[in-house]
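>>> My questions are about this predicted structure, shown below with the sequence.
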Amino acid sequence: MLDIKRPREEASKFRVLVVDDEPSLRGVLGELLGEAGYYVETAESGEQALERIRNSTFHVVLTDIRMGGMNGIELIRLIRNMSVQTEVIVMTSHASFATAVEALRLGAYDYLLKPFEDLEAVLALVKRTIDKIRLVIENRNLIENLKQKNEELEQLNRSIHELAVRDGLTGLYNYRYLQEALRAEVGRSERHGSPLCLLMIDVDHFKQYNDHNGHLDGDEVLKTISHILAERARKSDIAARYGGEEFCVVLPETRSDFAVKVAEDVRQLVETYPFLNRDKQPLGKVTISIGIAAFPADGDSPRALIDRADQSLYRAKTDGRNRVRLSSDASESSGGTPVAA
């Protein structure tokens, strides 16, 4: 038979199950705990209690040790297998005190001796048990909140770091980050004897595009080219906005022949992209020129590589634009066709 005492106060958040084969004792304890504000259910056997526990959550189980069928010891074992969060208080007579000790060994929180001399003592023990459970819940919630706050803080720190190293318009790395990354990659190439290339990229006739279309459309050109660079780059590559309409791409573990291929791919992607009013540009399309420098052939320091890549870019510009120029080679590409220098 199921007895339910409706919750009245804050204590109603906590659910208590009273298990005893004596109807009078179940009634007394159910009424006592219900009046204290707890949500109370009762069960007349261990089997019935187990069914209640399977179908619902109880914070405290108050159970007799000796009952017909399943006894309290067996019930404790099964509860422990089902829910480590449920605290068990056992009720026993003086004659079966040793059994109460066994119950404590199995994980019972405390015990009560029958017959009860003072019902207030029963209520006080249940309250202490609930206070312990409340503390565990509060600590668990605190840990979860701290974990969430730490995750939010880590995310915020990552966002702040991204803002510090990313260009606001294009989303590529900024000049400051480029300098640090290039310095690190040159150092790594020196230590391991690995190749490294640097691309210096400039948008051809960009001032004229801005003058004819406005700076907002010019910004869209820069963002689109940045997207092309980011899409073409490998995970290990570092694409950055050098300044204005100039970009740089650091290519670790890359020989000059592969760097030329990467540069040519990017050049063709930009050349064929349907930019707004591209036909009004001097070359009849929006194009880029690219200069390449290789480590260590063209320089053994970040500054030297930037200077040589910039010189290669200047040569690509003076030779007609829309082409790739390699510092250590006398060949170039224009519209995909290599020609003599």
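Looks like it came in fine. Residues are numbered from 1 along each chain as shown.
>>> Please enumerate the helices of the stretch 51-200 of the chain.
Counting by DSSP state H, counting those that start in this stretch, the stretch 51-200 of the chain has helices at residues 72-82, 97-105, 119-165, 175-192.
>>> Count residues in the vicinity of Asp211, would you?
11 (other C-beta atoms under 10 Å). No exception for glycine: its C-beta is placed from N, CA and C like everyone else's.
>>> how much space between it and Leu125?
86 Å (C-beta to C-beta, to the nearest Å).
>>> likewise Val88?
12 Å.
>>> Those two: which is more packed in?
Set Val88 next to Leu125 and count neighbours by other C-beta under 10 Å: Val88 wins out with 25 against 17.
>>> Provide the partner residues of the more buried one in its beta bridges.
Bridge pairing for Val88 (DSSP bridges) gives the partners Val61.
>>> Three-state assignment for Asp298, please.
Three-state call for Asp298 (DSSP: H, G, I helix; E, B strand; the rest coil): coil.
>>> Distance from stretch 267-276 to the middle of the chain?
On the basis of C-alpha atoms, centre = their mean, to the nearest Å, stretch 267-276 sits 36 Å off its chain's mean C-alpha point.
>>> err, stretch 251-263, not the other one
Between the centre of stretch 251-263 and the centre of its chain there are 33 Å (C-alpha atoms, centre = their mean).
>>> now swap in stretch 175-194 and tell me
Relative to the chain's own centre, stretch 175-194 is displaced by 28 Å; criterion: C-alpha atoms, centre = their mean.
>>> any idea of the mean pLDDT for it?
Averaged across stretch 175-194, the pLDDT comes to 96.
>>> How about stretch 72-88?
For stretch 72-88, mean pLDDT rounds to 86.
>>> and if you look at stretch 153-165?
Stretch 153-165 carries an average pLDDT of 87.
>>> Report the buried residues of that stretch.
Of the residues in stretch 153-165, Val165 count as buried by neighbour count, 16 or more other C-beta atoms under 10 Å.
>>> With stretch 173-182 instead?
Under 16+ other C-beta under 10 Å, the buried positions of stretch 173-182 are Tyr173, Asn174, Tyr177, Leu178, Ala181, Leu182.
>>> now what about it, what contacts it?
By C-beta atoms under 8 Å, 6 or more residues apart in numbering, the residues outside stretch 173-182 that reach it are 165-167, 198, 238-243, 248, 250, 302, 305-306.
>>> Now do it: distance to the chain's middle.
Distance of stretch 173-182 from its chain centroid, counting by C-alpha atoms, centre = their mean, is 25 Å.
>>> mind saving the C-alpha coords of that stretch as CSV?
The C-alpha atoms that make up stretch 173-182 are tabulated as CSV, following Å, rounded to 0.1, in the frame of the first residue of the first chain:
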residue,chain,number,x,y,z
TYR,A,173,46.6,36.7,-38.8
ASN,A,174,47.8,40.3,-38.3
TYR,A,175,51.3,41.8,-38.9
ARG,A,176,52.3,41.3,-35.3
TYR,A,177,51.5,37.6,-35.3
LEU,A,178,53.2,37.1,-38.6
GLN,A,179,56.4,38.5,-37.3
GLU,A,180,56.3,36.1,-34.3
ALA,A,181,55.3,33.1,-36.3
LEU,A,182,57.9,33.7,-39.0
